[in-house]
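# coordinates only, sequence not included:
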């Protein structure tokens, strides 16, 4: 029995030593590899770099706010007369905006019966847009840009530039031609006025 | 210790004594020193110059210094240029290197809407020193023996005037990690 224990002990010692040797070699190899990777200088080609803290660049924005945005009921037009309302335009962006206007979604109906001549009343209407100092200054007959309503279908520059952060009232006037035919009586016309602000090139 | 062991020890000591005195060898020998000189390695080094980088607004065609880039808001048509004075040391026989700019994260957000370009000039807008040549989007640098060279690296960003609608509005581009890197090219060109 004693001889078998001694024999087993002698066998165990070399096995443990070789394990320790293997572990030591592995650790040494790993350390050498880690050292090689950690030092860039061990790569074959030279390299140098520098970082310039140039800061942060931001872009601006273009934002045009129109007040009010709801529908406005303009009534009582007779040949040769006009009705007015005012809107306030405000540039909430960071760039000056060149303004243009467009009338879209044109519609025509009659409140006393079926349509008599589709769109005939629209041909007799003109739209005038005039910048004013105060909303209270809005009245008929101001000298702003005036076109027939159908011509406003194409966005038309007003020639005005709204500076960033600025606001300005505009007078919107709808005129019915003095020679409007009787067929337009009782007409109910509708349109959407869209004001677009386009950034002025730096 | 038995006699055999004692004999072996004595023999080994005798051999050691013989090895310790080289002059005791019978063969002649002589030596001479050749003065081969000293070999030195070169250097590749890129540093920011003392002067800080500056921003210039090129949008209107008349260059204008931007005092504080944090207050600037780019819009379509805006063109900004950052200028950073650099010092380049490139010494070494057959040394060739490439100098390039990189900006991590510049391909997303506002950066994706911008055109970006990198260029080198001499100081004060002068021509580049000898040894610098444009190669695509970067520059090659060769050892000239007159190092270090003072140059100015410019990084230009532009929001094209063709940008429309609301694209790129209220965006941000971080240029704090704008990096210029000088990397040696293989001598063999491989």
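Arrived safely, thanks for sending. Only a predicted model underlies this, so the values are computations on that prediction, with no experimental measurement involved.

# Identify the residue of chain A closest to chain B, quick one.
residue A:60 (3.2 Å; Cβ to the nearest Cβ). Placement of C-beta: from N, CA and C, glycine included.

# my read: that residue touches residue A:92, true?
No. In this structure residue A:60 lies outside contact range of residue A:92 using Cβ atoms under 8 Å: 11.4 Å.

# in the helix or strand residue B:151 falls within, what's buried?
Using DSSP states H and E, residue B:151 sits in strand B:149-158. By neighbour count on 16 or more other Cβ atoms under 10 Å in any protein chain shown, the buried set for strand B:149-158 is B:149, B:151-158.

# Least confident of those residues?
Lowest in pLDDT among the buried residues of strand B:149-158 is residue B:149, which has 91.

# Close to chain B: what parts of chain A are there?
A:45-62, A:94-95, A:199, A:201-202 (Cβ under 8 Å from any Cβ of the partner chain).

# Identify the bridge partners of residue 66.
Picked chain A for this. Listed beta-bridge partners, residue A:66: residue A:89 (assigned using DSSP bridges).

# try again with chain B
Here residue B:66, judged by DSSP bridges, has bridge partners residue B:55.

# Quick check: it touching residue B:55?
Yes. Applying Cβ under 8 Å, one finds residue B:66 in contact with residue B:55, separated by 3.9 Å.

# tell me, what's touching the two both at once?
By Cβ atoms under 8 Å, 6 or more residues apart in numbering or on different chains, residue B:66 and residue B:55 have these common neighbours: B:72, B:80.

# Let's see which of the residues of chain A next to chain B end up in strands.
Here DSSP state E is the test, and these give A:47-52, A:56-59, A:199 as lying in strands.

# Now do the helices for the chain: every range, in order, please.
Just so you know, I chose chain A. A:2-38 (DSSP state H).

# looking at chain B here, not the other one
Under DSSP H, chain B gives helices at B:3-20, B:110-113.

# worst average pLDDT in the ones you listed?
helix B:3-20 (a mean of 65).

# nearest residue to the residue in chain B that chain A sits nearest to other than its sequence neighbours?
Per Cβ to the nearest Cβ, residue B:73 is where chain B lies closest to chain A, at 3.2 Å. Nearest non-adjacent residue to residue B:73, counting by Cβ to Cβ, 6 or more residues apart in numbering or on different chains: residue A:60, 3.2 Å away.

# Quick check: the gap between that neighbour and residue B:48.
Note on residue A:60: its distance to residue B:48, by Cβ to Cβ, to the nearest Å, is 30 Å.

# Have a look at those two and say which one is more surrounded.
residue A:60 (21 against 17; other Cβ atoms under 10 Å in any protein chain shown).

# Tell me how chain A divides into domains.
A:2-42, A:64-199 (automatic domain parsing).

# Can you check which of those domains gets nearest to residue B:116?
domain A:64-199 (21.6 Å; Cβ to Cβ).

# Contact partners for residue A:56?
Taking Cβ under 8 Å, 6+ apart, one finds B:69-70, B:172-176 in contact with residue A:56.

# partner residues bridging it?
Going by DSSP bridges, residue A:56 forms beta bridges with residue B:174.

# Got the confidence number for it?
93.

# which parts of stretch B:115-133 are buried?
For stretch B:115-133, by 16+ other Cβ under 10 Å, it's B:118-120, B:128-129, B:131-132.

# So is stretch B:86-102 next to chain A?
Yes. Residues of stretch B:86-102 contacting chain A under Cβ under 8 Å from any Cβ: B:86, B:92, B:95, B:97.

# among the residues you listed, which two are most distant?
B:86 and B:92 (18.5 Å).

# Cool, thanks, signing off.
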